[in-house]
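Enquirer: build me a model from this:
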Amino acid sequence: MKRIATIISIFIGISVLTGVGFSIDKHYAKAKQVEQLAIRLDVKILKDRANAIQERMWKLEDRYGSIEKMPTSVKEEYRTLKAELETILSKLGKK
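Expert: Below you'll find the predicted structure:
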């Protein structure tokens, strides 16, 4: 009888340890997926911002033709946009 109780307790112990192992694995797998999702979201946000900046620059170029014809305040905005776009593209690894 003692031997059966020992075998059952060992079986229960192994089952509990296996369950704990799967729970821990499941938790960390989700954490890794969340991290990957956050990275993809950051990249998406940067790409959207780069597209918006590029469109704004094109609108300024269409309106004034060339940078020489732009008023001073618009030139400053254009240069700021260009610098921000270069920063974003370097973060994305494109240049």
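Enquirer: and residue 18, what does it touch?
Expert: Neighbour list for residue 18: empty [criterion: CB atoms under 8 Å, 6 or more residues apart in numbering]. The C-beta positions use only the backbone N, C-alpha and C, and glycine is treated the same way.
Enquirer: check which helix or strand covers residue 81.
Expert: Per DSSP states H and E, residue 81 falls inside helix 72-92.
Enquirer: and the average pLDDT for that helix is what?
Expert: Averaging pLDDT along helix 72-92 gives 94.
Enquirer: dump it to CSV, restricted to CA.
Expert: Taking C-alpha atoms only, helix 72-92 is exported to CSV below (Å, rounded to 0.1, in the frame of the first residue of the first chain):
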residue,chain,number,x,y,z
THR,A,72,12.6,82.4,-45.1
SER,A,73,10.0,80.9,-42.7
VAL,A,74,9.1,78.2,-45.2
LYS,A,75,12.8,77.4,-45.9
GLU,A,76,13.3,76.9,-42.2
GLU,A,77,10.3,74.6,-42.0
TYR,A,78,11.5,72.7,-45.1
ARG,A,79,15.0,72.2,-43.6
THR,A,80,13.5,71.0,-40.3
LEU,A,81,11.3,68.6,-42.1
LYS,A,82,14.2,67.3,-44.2
ALA,A,83,16.3,66.8,-41.0
GLU,A,84,13.5,65.0,-39.3
LEU,A,85,13.0,62.8,-42.3
GLU,A,86,16.7,61.9,-42.4
THR,A,87,16.6,61.0,-38.7
ILE,A,88,13.6,58.8,-39.2
LEU,A,89,15.1,57.0,-42.2
SER,A,90,18.3,56.4,-40.3
LYS,A,91,16.3,54.8,-37.5
LEU,A,92,14.6,52.6,-40.0
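Enquirer: from now on call the first residue 2
Expert: OK, 2 is where the count begins now, so the last one is helix 73-93.
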